[in-house]
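Enquirer: give me the fold of what follows.
(4 chains)
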2 protein chains.
Amino acid sequence: MATGRTHRPATRSRGIPEATVARLPLYLRALTALSERSVPTVSSEELAAAAGVNSAKLRKDFSYLGSYGTRGVGYDVEYLVYQISRELGLTQDWPIVMVGIGNLGAALANYGGFASRGFRVAALIDADPAMSGKTVAGMQVQHADDLEKIIDENGVSIGVIATPAGAAQQVCDRLVAAGVTSILNFAPTVLSVPDGVDVRKVDLSIELQILAFHEQRKAGESAIEAAEGAVGVEGPAAKVTKPTANDRKGPDGDVPAVMPA
Amino acid sequence: MATGRTHRPATRSRGIPEATVARLPLYLRALTALSERSVPTVSSEELAAAAGVNSAKLRKDFSYLGSYGTRGVGYDVEYLVYQISRELGLTQDWPIVMVGIGNLGAALANYGGFASRGFRVAALIDADPAMSGKTVAGMQVQHADDLEKIIDENGVSIGVIATPAGAAQQVCDRLVAAGVTSILNFAPTVLSVPDGVDVRKVDLSIELQILAFHEQRKAGESAIEAAEGAVGVEGPAAKVTKPTANDRKGPDGDVPAVMPA
DNA sequence: CCATCTTTGTGCACGCGTTCACAAAGACAT
DNA sequence: ATGTCTTTGTGAACGCGTGCACAAAGATGG
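Expert: Presented below is the predicted three-dimensional model:
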């Protein structure tokens, strides 16, 4: 296995736990809202409520950054906004490229949440020649042929992939080869990247499936004896015509143990 | 007769860890791809590689579902597809409503990943009267006034919120009041919901900020690394270097104690 | 200056998730 | 049938994240 172990190595050499890093943007958003309302200070309790977390967790998170609070008073909002922004690296400008300007890509390009915080869409890239030159979100879409040049000229280190699944790995490889070291992947596929490259993925379908699981569980609790798998899915499910229930006792709706040959 | 498969459900199906549930869709996708290529069986090692996880983790995940593998052979692809689909509740139809048909909402409506797995977009809803009646993704957008009626008539229990942040909580409240018990939130805000309602959030801005953090760290470390010697970079084959990230002490002398008045 | 009150920062314990390592189970060849 | 080989399923150890509970720190009032 040459390219085997490529998952995020949990590089936590700088003491801040990954879970904390993931919450910092949440705190930052709540703090920004307070700042816009000119609130001078905020207690861990108030801020935690605004961010939807436990106050002890919030205090511990902040403790990784340093002692920025004042006992008996709370945290200075402006100061904390600055500290978190700096810690997250948002005090600098991050040019990003977006590859794959389909429905989703175009929506992302129009999404204001990017530009609002240090991120700047440097280029929109698509492989379809018909897209080249079209204007999306006020920018001209460029052809994928120029990907390497665009990344180099703009000093891009963060790429967003919104292509179909089939093209994602190829695009990813080119991005990485061109110098991109962080990738936000919207394509429903697992990307493999070399060490040192971070990948985060956003998968709409997966989120829905997780919700469906819990939804089913909730439904099953109220009506245990309700219908089982009504009509099956394709293929194998249809084969399960006769239960021939072996053992598998399933008070909660467990099903036939029909192992296809 | 009996094929001698006397597997015991040692663990209750209730007890599936959340982390495992979150990975099931990943396995399902990999298995579906194998199924389409008519691959009959797959080992935990192969499937784990395809899903981008550790093989031991995959086996443990599957063990929560039951003993569906055959030692010495692996897992029957079709059978496993069915079992995971059933566990996730994808063998039934899930009507969903999408509220907020802006750029993002429209893109989501067009996204094929929903319909592909048991999810059916029952209605597109927007508060803007100018949107009502417009056709998006082959459906007519309906006005928010009819939200409760739509949910009731279609038996919707899953809602997707893609409104601006300011409207999200209000929409959420109405969805919940109308009977929705699972919400996928794309609005950059913290939703508060009563017990029994599941909320998952997808926040594009947050994902980018997390990437920026790691990106900044990489940029800062490469400078230190150059002067100090390789740290954290994976060695050739043997573990020559001893991580022991215990002795990290303040190389963080860059904290300007500028407390704004 | 002292007492009191508020809120932070954190030591500690606990539970969950991950990973290792191996015995058990079954396929397959002889 | 017996032995060998492959792969699963899982016990156990470990590390991370979370939340409790409290001492320390500083503000505030008298």
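
Enquirer: hmm, stretch A:33-44 touching DNA strand C?
Expert: Yes - counting by Cβ under 7 Å from any atom of the strand, DNA strand C is contacted by stretch A:33-44 at A:43-44. (C-beta placed from N, C-alpha, C; glycine too.)

Enquirer: surely A:Thr163 is in contact with A:Val171?
Expert: Yes - contact criterion Cβ atoms under 8 Å: A:Thr163 and A:Val171 qualify, at 5.5 Å.

Enquirer: mind listing the helices for chain A?
Expert: A:18-36, A:44-51, A:55-65, A:77-88, A:103-110, A:147-154, A:165-177, A:204-222, A:236-239 (DSSP state H).

Enquirer: so for B:Leu175, which of the ones you listed sits nearest?
Expert: Of all these, helix A:204-222 sits nearest to B:Leu175, with 12.8 Å by Cβ to Cβ.

Enquirer: now for the closest one, which elements pack on it?
Expert: helix B:18-36, helix B:77-88, strand B:94-99, helix B:112-115, strand B:119-126, strand B:158-161, strand B:182-185, strand B:198-201 (3 or more Cβ pairs under 8 Å, 6 or more residues apart in numbering or on different chains; DSSP states H and E).

Enquirer: so of those, which one's packed in deepest?
Expert: Highest mean neighbour count among the helices and strands packed on helix A:204-222 (mean count of other Cβ atoms under 10 Å in any protein chain shown): strand B:158-161, with a mean of 26.

Enquirer: neighbouring contacts of that one?
Expert: A:208, A:211-212, A:215, B:94-100, B:105, B:108, B:119, B:151, B:168, B:171-172, B:175, B:180-187, B:191 (Cβ atoms under 8 Å, 6 or more residues apart in numbering or on different chains).

Enquirer: A:Phe186 against A:Pro164, yeah?
Expert: No - using Cβ under 8 Å, A:Phe186 is not in contact with A:Pro164; the gap is 10.4 Å.

Enquirer: what touches both of those two?
Expert: Contacts common to A:Phe186 and A:Pro164, judged by Cβ under 8 Å, 6+ apart, are A:Gly100.

Enquirer: for these two, indicate the residue with more neighbours.
Expert: A count of neighbours by other Cβ atoms under 10 Å in any protein chain shown puts A:Phe186 above the other of A:Phe186 and A:Pro164, at 23 against 14.

Enquirer: against DNA strand D, how distant is the more buried one?
Expert: 24 Å (Cβ to the nearest atom of the strand, to the nearest Å).

Enquirer: residues contacting that residue?
Expert: The contact partners of A:Phe186, taken as Cβ under 8 Å, 6+ apart, are A:100, A:104-105, A:108, A:160-162, A:201-203.

Enquirer: turn the helices of chain A into JSON lines, columns for mean pLDDT.
Expert: Formatted as JSON lines, the helices of chain A follow (pLDDT from 0 to 100):
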{"stretch": "helix A:18-36", "mean pLDDT": "98"}
{"stretch": "helix A:44-51", "mean pLDDT": "98"}
{"stretch": "helix A:55-65", "mean pLDDT": "98"}
{"stretch": "helix A:77-88", "mean pLDDT": "98"}
{"stretch": "helix A:103-110", "mean pLDDT": "94"}
{"stretch": "helix A:147-154", "mean pLDDT": "98"}
{"stretch": "helix A:165-177", "mean pLDDT": "98"}
{"stretch": "helix A:204-222", "mean pLDDT": "91"}
{"stretch": "helix A:236-239", "mean pLDDT": "35"}
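
Enquirer: looking at these, which is closest to B:Ser63?
Expert: Among those, helix A:204-222 comes nearest to B:Ser63, with 17.3 Å by Cβ to Cβ.

Enquirer: name the residues of that closest one that come out as buried.
Expert: In terms of neighbour count (16 or more other Cβ atoms under 10 Å in any protein chain shown), helix A:204-222 has its buried residues at A:204-217, A:220.

Enquirer: from those, pick the one nearest DNA strand C.
Expert: Checking the buried residues of helix A:204-222 against DNA strand C with Cβ to the nearest atom of the strand, the nearest one is A:Ile210 at 12.3 Å.

Enquirer: contact partners for the closest one?
Expert: Counting by Cβ under 8 Å, 6+ apart, A:Ile210 makes contact with B:21-22, B:25, B:200.

Enquirer: which of the residues you listed sits closest to chain A?
Expert: B:Pro25 (4.2 Å; Cβ to the nearest Cβ).

Enquirer: thinking that closest one is in contact with B:Glu87, fair?
Expert: No - B:Pro25 is beyond contact range of B:Glu87, at 10.6 Å (criterion: Cβ under 8 Å).

Enquirer: thinking again about what came up before, which one's more surrounded, A:Thr163 and A:Val171?
Expert: More crowded of A:Thr163 and A:Val171, by other Cβ under 10 Å: A:Thr163, with 27 against 24.

Enquirer: circling back: tabulate the contacts of A:Ile210 (TSV), appending distance to A:Asp126.
Expert: Shown next, in TSV, are the contacts of A:Ile210 (distance: Cβ to Cβ, whole Å):
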residue	distance to A:Asp126
B:Val21	35
B:Ala22	31
B:Pro25	27
B:Arg200	29
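
Enquirer: just the residues you listed that are near chain A?
Expert: Residues shared between the contacts of A:Ile210 and the neighbourhood of chain A are B:21-22, B:25, B:200 [Cβ under 8 Å from any Cβ of the partner chain].
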